[in-house]
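[1] My questions concern the predicted model and sequence given below.
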Amino acid sequence: MEFNIPAALLRELPTEPADLLAVSARLAQYAYAQKAAACDAECSQLRALLLQRQTELRSVSRRAEELEAELAHAKAEFRRTLGEVERLNKEKATLVDTVKSLSKEVAKLDHFKRNLMKTLNEEEPALVSLPPDVNFDVLHSSPGAGTAGYAPYLASPRITDGAAPYSVSDRTSGTTAAPTGKDFFRSARARLSPEAYARLLQSIKDLNAHLVRAPQVLDEAQAIFGAAHADLYAQFEALLSSHL
């Protein structure tokens with residue numbers, strides 16, 4: 001039987017079978033020990049590599065969790081931005097509508113301003129006058145035929161401006177002089193708002209056109225002047241009475 005054992009090795013081996021078996025057993029143990037040591041070393045390397053891979057895996061897992069959190073935050077920010085854009089678009093549309101509405105209002109106010117300035121640039125209307133045969137003293141003392149429409153005016157309440165009361169009768173007693181038309185309209189234009197001044201002029205025009213009576217004009221004037229301009233009302237009352 002051929003074992004292919006080198007001759008040099010055979011020369012070193014014992015010739016007795018028992019001794020040869022003992023040597024071979026020791027060689028087998030040695031070979032096993034070497035193989036076991038090699039396997040242990042490889043296992044140690046593999047365990048170290050496994051620990052390294054596990055550490056890397058945990059690091060990658062943490063990074064993946066962080067990226068997922070960043071992605072969720074980015075999605076939330078994106079949705080919030082979309083909502084903000086939608087809200088801003090709605091506000092833009094609302095502002096555009098508001099601007100259009102305000103532009104129309106400005107155009108109306110500009111038209112009103114032009115008409116008002118045209119009216120103000122015209123000569124102030126003359127106060128109503130009565131026929132020559134009617135005088136203020138007669139109207140004030142005993143209103144008769146043809147003057148009944150002015151009786152409520154002559155009985156209108158006294159107006160005060162924080163000082164002494166004033167009424168039409170004060171003019172007849174000489175305590176208050178009737179102002180001139182220019183002085184009155186200059187003061188009224190300076191102190192009243194453009195809308196209130198335009199109302200006053202319109203009331204006077206309606207009176208001159210016999211569309212309203214003097215008491216109605218006085219009521220309207222009292223509403224226009226109010227308590228803040230009671231002195232203007234007193235001047236207007238006196239000025240109107242001077243034309244009666």
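    On my side now, so go ahead. Numbering: from 1, shown residues only.

[2] The helix or strand that contains Tyr30 packs against which elements?
    Secondary structure assignment for Tyr30, by DSSP states H and E: helix 17-121. Helix 17-121 sits against helix 194-208, with contacts defined as 3 or more Cβ pairs under 8 Å, 6 or more residues apart in numbering; DSSP states H and E. Where you see a C-beta, it was placed from the backbone N, CA and C, and this is true even at glycine.

[3] Just want the angle from the helix it packs on to helix 17-121.
    30 degrees (axes from the mean of the first three to the mean of the last three Cα atoms, to 10 degrees).

[4] and the helix or strand following helix 194-208, which residues are buried?
    Going down the chain from helix 194-208, the next helix or strand is helix 214-225, by DSSP H and E. Across helix 214-225, burial judged by 16 or more other Cβ atoms under 10 Å covers Ala214, Pro215, Gln216, Val217, Leu218, Asp219, Glu220, Ala221, Gln222, Ile224, Phe225.

[5] Make JSON lines out of those residues and add pLDDT.
    Below are the buried residues of helix 214-225 laid out as JSON lines (pLDDT from 0 to 100):
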{"residue": "Ala214", "pLDDT": "89"}
{"residue": "Pro215", "pLDDT": "90"}
{"residue": "Gln216", "pLDDT": "92"}
{"residue": "Val217", "pLDDT": "92"}
{"residue": "Leu218", "pLDDT": "93"}
{"residue": "Asp219", "pLDDT": "94"}
{"residue": "Glu220", "pLDDT": "93"}
{"residue": "Ala221", "pLDDT": "94"}
{"residue": "Gln222", "pLDDT": "94"}
{"residue": "Ile224", "pLDDT": "94"}
{"residue": "Phe225", "pLDDT": "94"}
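
[6] Out of these, which comes closest to Ser193?
    Ile224 (9.5 Å; Cβ to Cβ).

[7] Look up how far Asp183 lies from the nearest residue to the closest one once chain neighbours are set aside.
    Leaving out its chain neighbours, the residue that sits closest to Ile224 by Cβ to Cβ, 6 or more residues apart in numbering is Ala196, at 5.0 Å. Distance, Ala196 to Asp183, by Cβ to Cβ, to the nearest Å: 18 Å.

[8] ok, these two, which is more surrounded?
    Ala196 (16 against 11; other Cβ atoms under 10 Å).

[9] what's the spacing between the more buried one and Gln45?
    102 Å.

[10] Could you do Leu51 as well?
    Taking Cβ to Cβ as the measure, Leu51 falls 11 Å from Gln45.

[11] Pull the number of nearby residues for Leu20.
    Neighbours of Leu20 (other Cβ under 10 Å): 13.

[12] who's in contact with it?
    Leu13, Pro14 (Cβ atoms under 8 Å, 6 or more residues apart in numbering).

[13] How confident was the prediction at it?
    You'll see Leu20 listed with a pLDDT of 81.

[14] what does the one 4 residues further on give?
    The pLDDT attached to Ser24 in the predicted structure is 84.

[15] what number of residues lie near it?
    11.

[16] How about Lys108?
    For Lys108, using other Cβ under 10 Å, the count is 10.

[17] Was I right to think the residue nearest to Ile224 contacts Ala221?
    No - assessed by Cβ atoms under 8 Å, Ala196 is found out of contact with Ala221, at 10.1 Å.

[18] what about the helix holding Tyr30, distance to the chain center?
    37 Å (Cα atoms, centre = their mean, to the nearest Å).

[19] Likewise for stretch 233-244?
    Worked out by Cα atoms, centre = their mean, stretch 233-244 lies 48 Å from the chain centre.

[20] Using CSV, write out every CA atom in it.
    Taking C-alpha atoms only, stretch 233-244 is exported to CSV below (Å, rounded to 0.1, in the frame of the first residue of the first chain):
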residue,chain,number,x,y,z
TYR,A,233,-76.7,129.3,13.8
ALA,A,234,-77.4,132.5,15.7
GLN,A,235,-75.7,134.5,12.9
PHE,A,236,-77.7,132.6,10.3
GLU,A,237,-80.9,133.1,12.2
ALA,A,238,-80.2,136.8,12.4
LEU,A,239,-79.1,137.0,8.8
LEU,A,240,-82.3,135.2,7.6
SER,A,241,-84.5,137.5,9.8
SER,A,242,-82.9,140.5,8.2
HIS,A,243,-84.2,139.4,4.9
LEU,A,244,-87.7,138.8,6.1
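
[21] Lovely, talk soon.
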